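[1] Generate coordinates for the sequence data below:
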Amino acid sequence: MKRSNEERLSIRGAAGDLEVVVNDPGEKRRAVAFIAHPHPLYGGSLDNKVVQTLAKCFFGQGAVAVRMNFRGVGASEGVYDEGRGETEDWLTVAAAVRDRYGELPIALAGFSFGAFVINRVAESLAYQRLVLVGAAVNRFPLTHVRAGTLVVHGEEDDVVPLKDVFDWARPQSLPVVVIPGTGHFFHGKLVELARIVNSSCAC
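    Sure, this is the predicted structure:
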């Protein structure tokens, strides 16, 4: 990310202060994107490489890219709440961002556990785009999503088997974009991930 466009905020949530990083393209801003990170108990943070890649994509498209550390991660206070409190926190951050930037179109994106949380957030926010990467459908109950949702998964994911994602997507007639030869964290394939997001999910 371009550091000159990066701002670190502290927003008060239900369980304490939340650490939020905002990358703002300035006057050319066209949307706002909320990007949720992987499981906080297994090293997930807003600095995760997949999360940073998603933020760069949306920032490059003119969106205010917003990342938040879940409870208990970095400078965010509180403790892990199995997705419930994390969803509430994102809605709090979304309200604060709306107060700051006005009514911009919303994009939502999440990686792994973050896909589960952002899926829950999507039930309460009017959004234009939804991106689920490495969605942990075998570990958390993701609800059905609307047509046009971008689902990206690694062919060799050993955390969330590709079969489980197909089983979740099939009843919804939802396409799944598979990146060959990569696992859950998309090592060596972040450029390909960015290409897919940029070509499929313009703000």
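[2] need the contact list for the most centrally placed residue in the chain.
    Nearest to the geometric centre of the chain sits residue 110, at 2.4 Å (C-alpha atoms, centre = their mean). Shown in contact with residue 110 (C-beta atoms under 8 Å, 6 or more residues apart in numbering): 35, 36, 37, 116, 117, 118, 119, 131, 132, 133, 135. Any C-beta I mention is one placed from the backbone N, CA and C, and that applies to glycine too.
[3] for those residues, which one is nearest residue 141?
    Nearest to residue 141 among the contacts of residue 110 is residue 116, at 7.7 Å by C-beta to C-beta.
[4] What is the longest helix of the chain by residue count?
    Assignment by DSSP state H gives helix 84-101 as the longest helix of the chain.
[5] Buried residues, that helix. List them.
    Neighbour-count burial for helix 84-101 flags 85, 86, 87, 88, 89, 90, 91, 92, 93, 94, 96, 97 (criterion: 16 or more other C-beta atoms under 10 Å).
[6] partners of the helix or strand following it in the sheet?
    Next helix or strand after helix 84-101 toward the C-terminus (DSSP states H and E): strand 106-111. Take DSSP bridges as the rule and strand 106-111 pairs in its sheet with strand 31-36 (parallel), strand 129-133 (parallel).
[7] okay, the ones you listed, which one's buried deepest?
    strand 31-36 (a mean of 28; mean count of other C-beta atoms under 10 Å).
[8] Assumed residue 72 was part of a helix.
    No. Judged by DSSP: H, G, I helix; E, B strand; the rest coil, residue 72 forms no part of a helix; its state is coil.
[9] mind listing what it touches?
    By C-beta under 8 Å, 6+ apart, the residues touching residue 72 are 40, 78, 79, 80.
[10] quick one: pLDDT of it?
    pLDDT recorded at residue 72 is 98.
[11] Low-confidence regions, this protein specifically.
    Filtered on pLDDT under 70, the chain yields the residue ranges 1-4, 201-203.
[12] what are the ranges of the strands in it?
    6-13, 16-23, 31-36, 63-68, 106-111, 129-133, 150-154, 177-179 (DSSP state E).
[13] Just the closest of the buried residues of helix 84-101 to residue 5, please.
    Nearest to residue 5 among the buried residues of helix 84-101: residue 97, at 15.2 Å, using C-beta to C-beta.
[14] Distance-wise, check that closest one relative to residue 70.
    Applying C-beta to C-beta, to the nearest Å, the value for residue 97 to residue 70 is 17 Å.
[15] wait, isn't residue 10 in contact with residue 16?
    No. Contact criterion C-beta atoms under 8 Å: residue 10 and residue 16 do not qualify, at 9.7 Å.
[16] how near is residue 49 to residue 37?
    Going from residue 49 to residue 37 by C-beta to C-beta gives 10 Å.
[17] again, but for residue 165
    19 Å.
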